[in-house]
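Participant: return atomic coordinates for the entry below.
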Amino acid sequence: MDRYERILSLHRILKASRYPVSLQRLKDELGCSRATLYRDVAFLRDALGAPIESGEGDQAAFRYDGAEAERFELPGLWLTSDELSALLALNALTAKSGPGILSDALAPFEKRIEALLSDHVSGRKLPVERIRVIASGNRKLDEISFRVVAGAVVARRQLKFRYRARSTGQTTERQVSPQRLAHYRDNWYLDAWDHEREGLRSFAVDRIAAPQMLDAEAIDRDDAELDKHLAASYGIFSGAPKAWATIRFSPHASRWVADEHWHSQQQGAFLSDGRYELKVPYSNSKELLMDVLKYGPDAEIVAPLSLREEMKILLQLSIGAYQA
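Facilitator: As a prediction, the model looks like this:
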């Protein structure tokens with residue numbers, strides 16, 4: 001533990017304790033000698049103004065003065081190396097969630113974290129590139145539109161925007177009460193109550209154009225209703241499940257699939273021959289079929305029959321394209 005972290009830990013221990021803390025306990029928890037502890041106490045008291053009361057000798061104890069303890073906090077931003085590393089990873093993840101999203105707002109935050117981490121390791125530079133977040137399949141987002149949408153979610157205000165559906169290419173005007181922002185497979189989605197259609201809908205944020213935050217307050221829907229409608233089925237598609245899909249994977253693929261999270265309500269079990277059987281609820285088959293296709297001959301849809309037939313048609317069309 002370096003000096004920075006020892007002083008922070010010392011402050012937190014004394015702040016949390018209602019009674020004097022013994023010299024031996026502090027030495028054990030901070031992993032330092034008696035002389036080092038007294039130097040840290042002196043720095044915390046004299047340089048940072050901490051209201052420390054201390055004694056002398058091997059039986060000495062330390063505490064914050066009761067009248068001042070409630071008000072005193074360390075000046076500036078004090079975080080441990082673990083906390084800073086976690087923040088750096090979180091910053092990298094957020095920055096890579098889509099090209100340009102919040103980049104201007106995050107840049108000062110990133111530099112501040114790097115500077116603090118550098119202080120912890122004797123001035124050696126720790127660039128953000130040390131933490132890699134590799135996005136795959138993320139779509140281009142308009143930064144201003146994203147900020148307006150995210151701002152409406154936080155401010156609990158209604159939104160008005162133009163939405164171009166990917167499946168039909170049709171553009172419609174929407175007025176919604178935003179409920180949640182979801183980051184799913186490297187892309188952002190807005191879960192919202194659509195006032196004209198009187199129902200919950202999910203909107204790809206990259207398909208939202210000209211969003212306007214309105215003065216009207218958003219209508220909040222119950223969390224249980226949101227989960228039932230937006231999280232009950234497989235994938236990002238909303239709606240109550242219409243069936244459960246049963247998929248069997250070869251013994252080779254089972255080693256990976258058994259550890260994968262496909263859905264919060266999934267059911268999985270190994271079969272006697274080493275294959276793995278996975279069951280998930282679904283509403284729209286498109287995304288589920290695409291995910292099963294990734295496993296090629298190592299995956300077989302067993303039920304329902306309608307989903308199995310859809311997969312057969314997809315495979316026949318694929319073979320036809322290669323034959324042509």
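
Participant: okay, now the sheet partners of the longest strand seen in the chain, with direction.
Facilitator: For the chain, the strand reaching the highest residue count under DSSP state E is reported as strand 171-184. If you go by DSSP bridges, strand 171-184 pairs up with strand 157-164 (antiparallel), strand 187-194 (antiparallel).

Participant: least confident of those strands, on average?
Facilitator: Note on the strands paired with strand 171-184: strand 187-194 shows the lowest mean pLDDT, a mean of 89.

Participant: using PDB, write down the CA coordinates of it.
Facilitator: Extracted in PDB, the C-alpha atoms of strand 187-194 (Å, rounded to 0.1, in the frame of the first residue of the first chain):
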ATOM      1  CA  ASN A 187     -25.800  -0.300 -29.600                       C
ATOM      2  CA  TRP A 188     -28.100   2.000 -27.800                       C
ATOM      3  CA  TYR A 189     -31.900   1.600 -27.500                       C
ATOM      4  CA  LEU A 190     -34.600   3.800 -25.900                       C
ATOM      5  CA  ASP A 191     -37.400   2.000 -24.100                       C
ATOM      6  CA  ALA A 192     -40.400   4.400 -24.000                       C
ATOM      7  CA  TRP A 193     -44.100   4.700 -23.600                       C
ATOM      8  CA  ASP A 194     -45.500   5.700 -27.100                       C
END
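
Participant: buried stuff in the helix or strand just after it?
Facilitator: Heading C-terminal from strand 187-194, the first helix or strand you meet, by DSSP states H and E, is strand 199-204. Using 16 or more other CB atoms under 10 Å as the test for burial, strand 199-204 gives 200, 201, 202, 203, 204. In short, each C-beta sits where N, CA and C put it, glycine included.

Participant: which residues does the last one bridge with?
Facilitator: Read that as residue 204. Going by DSSP bridges, residue 204 forms beta bridges with residue 189.

Participant: still on that earlier bit, will you turn the buried residues of strand 199-204 into a markdown table that also has distance to residue 283 and pLDDT?
Facilitator: Below are the buried residues of strand 199-204 laid out as a markdown table (distance: CB to CB, whole Å; pLDDT from 0 to 100):
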| residue | distance to residue 283 | pLDDT |
| --- | --- | --- |
| 200 | 13 | 88 |
| 201 | 13 | 89 |
| 202 | 11 | 88 |
| 203 | 17 | 91 |
| 204 | 17 | 89 |
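
Participant: out of the strands paired with strand 171-184, which is closest to residue 180?
Facilitator: For the strands paired with strand 171-184, proximity to residue 180 was assessed by CB to CB; strand 187-194 is nearest, at 4.3 Å.

Participant: buried residues, that closest one. List them.
Facilitator: Under 16+ other CB under 10 Å, the buried positions of strand 187-194 are 187, 188, 189, 190, 191, 192, 193, 194.

Participant: how about the second one: what's its closest non-neighbour residue?
Facilitator: Spatially, and ignoring its direct neighbours in sequence, residue 188 is nearest to residue 205 (4.1 Å; CB to CB, 6 or more residues apart in numbering).

Participant: which parts of this protein are helices?
Facilitator: Ranges of helices in the chain, per DSSP state H, are 3-16, 23-30, 34-46, 66-69, 81-95, 103-120, 143-155, 223-230, 251-257, 285-293, 305-323.

Participant: in CSV, list those along with mean pLDDT, distance to residue 182 and mean neighbour count.
Facilitator: CSV is the format used below for these (pLDDT from 0 to 100; distance: least, CB to CB, whole Å; neighbours: other CB atoms under 10 Å):
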stretch, mean pLDDT, distance to residue 182, mean neighbour count
helix 3-16, 84, 35, 17
helix 23-30, 89, 41, 16
helix 34-46, 88, 44, 15
helix 66-69, 71, 42, 12
helix 81-95, 64, 14, 16
helix 103-120, 62, 20, 15
helix 143-155, 88, 10, 17
helix 223-230, 80, 8, 14
helix 251-257, 92, 24, 15
helix 285-293, 91, 14, 17
helix 305-323, 93, 25, 12
